[in-house]
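Participant: Sequence first, predicted coordinates after that:
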Amino acid sequence: MDANDYILFFVYTFVFYLIFKSRRTFYTDPILRHYHKVGFWIKIFSTIAFTVFNYKISLGDSVVLYWREGYNIFQLIQHDIHNIKLLFIHGKEFDQALLADTWNLGYFNDDNNYMVTKIVAVFSFLTFGKYMVINLFFSMISFSGVWRLYKFFYEQYPHLYKQLAIAILYLPTFVFWSSGILKDPICTGAIGWLTYALYEMFYKKKAFLKNIIIIVFASFALINLKMYILVSYVPFFLLFLILKNVNLIRNSLVKFLIGPALIIGSIFAGQQVMKKFEKDLGSYAAEGLANQIKHQQDTYKQQAAEGIGESNFSLGVDFDGSMGSMLKMAPAAIVATLYRPFIWESTKISTLLSSLESLALMILTLSILFKVGPRKFFRTIIKDPTITYCFLFALLFALFVGATTPNFGTLCRYKIPCMPFYVIALFLIRDKCLNPKQAPATKAKIPEKNDHKFEPQLELA
């Protein structure tokens, strides 16, 4: 990086600041205005930290694969406009002789890797290929969707604005790993946009055409980058929408009869869809998923035997592809995703931040569990649609990631989509159990800028 990187970074930071500032003018709620502004600046500083870490401290895929090869495609197109076809082909069709670095041979066989590279190439035309500035673009894509996620939860629980900010806008590893050239920023942004669009369309019944377009683009991004996020997230969110709509029914008997019928019908419909599109789902269908878990574990074991992958770890349970071994492995895989690496397992700077966050998360989980009691803890999960969907998605995603990623360095990145939802579920459980009289319609009021002390106060709407 040179001086031009920093100059362009500050120029584009100012441009994005103006864009998001103009969006804030539409918010009449001071809470939203405040956290939108704070969230934006957190992402800016996180982008700087991400750039320094990946470029100066620990070179990884962000630099040596996505940026280097994306910038290479950008240069190829500049040299010969006919090379623009490289932006519209599949990774397997890319001529490996054109690679900037032979170490990247084979990576484009996975279309998700090539997709990120193509996005980098497109952004290079706006940024002159500057690594730090392209990181900023990826970071802002993430922030735009993550902010939608915050708005979605805030509309339902405005009195928990601080807790939601901690879970969505402040969570260290979630913010850090979604602030640069990786798949994760696009995916976290897509989750936020998809959530808010589905909620607006199927619950609030508004802006049908606009939300359809958002759903298509967000789904396209997830399908082409990390399809397992879409497969594991959407069913639980649709379950939430079903239960949310059932709660609108005032007749308790009708609600009692319709609720279970809709849930069972949805599960059956989901199974039929999975069977019909089993070939398209490939490794994400039931049989393919088991094979993928087995393949991933065997790969990491081979790396350990060859002395490669010093951050590899074992779940302590061998997976043979059967449902029985899956059930045995599930607790260890979920614990690994949510609470590991433990402090004593962190041997690198890249995993230290995650280990401290995991420790804090474990303490939070245990403190809430002891305060409310195990029975009330799990009963609250079942009774509240929002908690049900957040908790079940977090556990399923944690199971998949923990089972397929026995490496702490990779685990720290792969687990971030489920972390906000798990933390939100914990905060909601604590709120429901310890503050049962708190009305859902409670809103928070923040004093205007001319007040010297910034102390948000709660008032009943």
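Facilitator: Right, received. Where do you want to start?

Participant: Could you point out the helix or strand that follows the host helix or strand of Trp193?
Facilitator: Element membership for Trp193 (DSSP states H and E) is helix 183-202. Downstream of helix 183-202, the first helix or strand assigned by DSSP H and E is helix 208-225.

Participant: Can you point out the buried residues in that next one?
Facilitator: When burial is assessed from 16 or more other C-beta atoms under 10 Å, helix 208-225 yields the following buried residues: 211, 214-215, 218-219, 221-222, 224-225. In short, each C-beta sits where N, CA and C put it, glycine included.

Participant: now do stretch 374-391
Facilitator: Going by 16+ other C-beta under 10 Å, stretch 374-391 has these buried residues: 377, 380-381, 384-391.

Participant: Going by distance to Pro185, which of these wins?
Facilitator: Cys390 (21.3 Å; C-beta to C-beta).

Participant: Could you count how many residues lie near the closest residue to Leu8 other than its chain neighbours?
Facilitator: Nearest residue to Leu8, sequence neighbours excluded (C-beta to C-beta, 6 or more residues apart in numbering): Val133, at 4.8 Å. For Val133, the neighbour count with other C-beta atoms under 10 Å is 26.

Participant: Would you confirm that Val133 belongs to a helix?
Facilitator: Yes. Assessed with DSSP: H, G, I helix; E, B strand; the rest coil, Val133 lies in a helix.

Participant: Would you mind measuring from it to Phe9?
Facilitator: 5 Å (C-beta to C-beta, to the nearest Å).

Participant: which strands and helices sit next to the helix or strand hosting Pro331?
Facilitator: Following DSSP H and E, the helix or strand that holds Pro331 is helix 323-339. With contacts taken as 3 or more C-beta pairs under 8 Å, 6 or more residues apart in numbering; DSSP states H and E, helix 323-339 sits against helix 349-372, helix 385-404.

Participant: In terms of residue numbering, what are the domains of this protein?
Facilitator: 3-225, 278-445 (automatic domain parsing).

Participant: which one of those domains lies closest to Pro235?
Facilitator: Of the domains of the chain, nearest to Pro235 by C-beta to C-beta is domain 278-445, at 8.5 Å.

Participant: what pLDDT, on average, does stretch 116-130 get?
Facilitator: For stretch 116-130, the mean per-residue pLDDT is 95.

Participant: Contacts for it next, please.
Facilitator: 1, 4-5, 8-9, 12, 65-67, 69-71, 73-75, 77, 86-87, 108, 133-134, 137-138, 181-183, 186, 225 (C-beta atoms under 8 Å, 6 or more residues apart in numbering).

Participant: same check, this time on stretch 191-203
Facilitator: Defining contact as C-beta under 8 Å, 6+ apart, one finds that stretch 191-203 is touched by 144-149, 151-152, 206-208, 210-212, 214-215, 217-219, 222, 229, 233-234, 237-238, 241, 244-245, 417.

Participant: what about the strands in this structure?
Facilitator: 443-445, 457-459 (DSSP state E).

Participant: Considering these, which stretch scores lowest in mean pLDDT?
Facilitator: strand 457-459 (a mean of 38).

Participant: Can you give me every residue that contacts the residue lying closest to Asp384 once chain neighbours are set aside?
Facilitator: The shortest distance from Asp384 to any non-neighbouring residue, by C-beta to C-beta, 6+ apart, is to Lys432 (6.2 Å). Lys432 is in contact with 380, 384, 387, counting by C-beta under 8 Å, 6+ apart.
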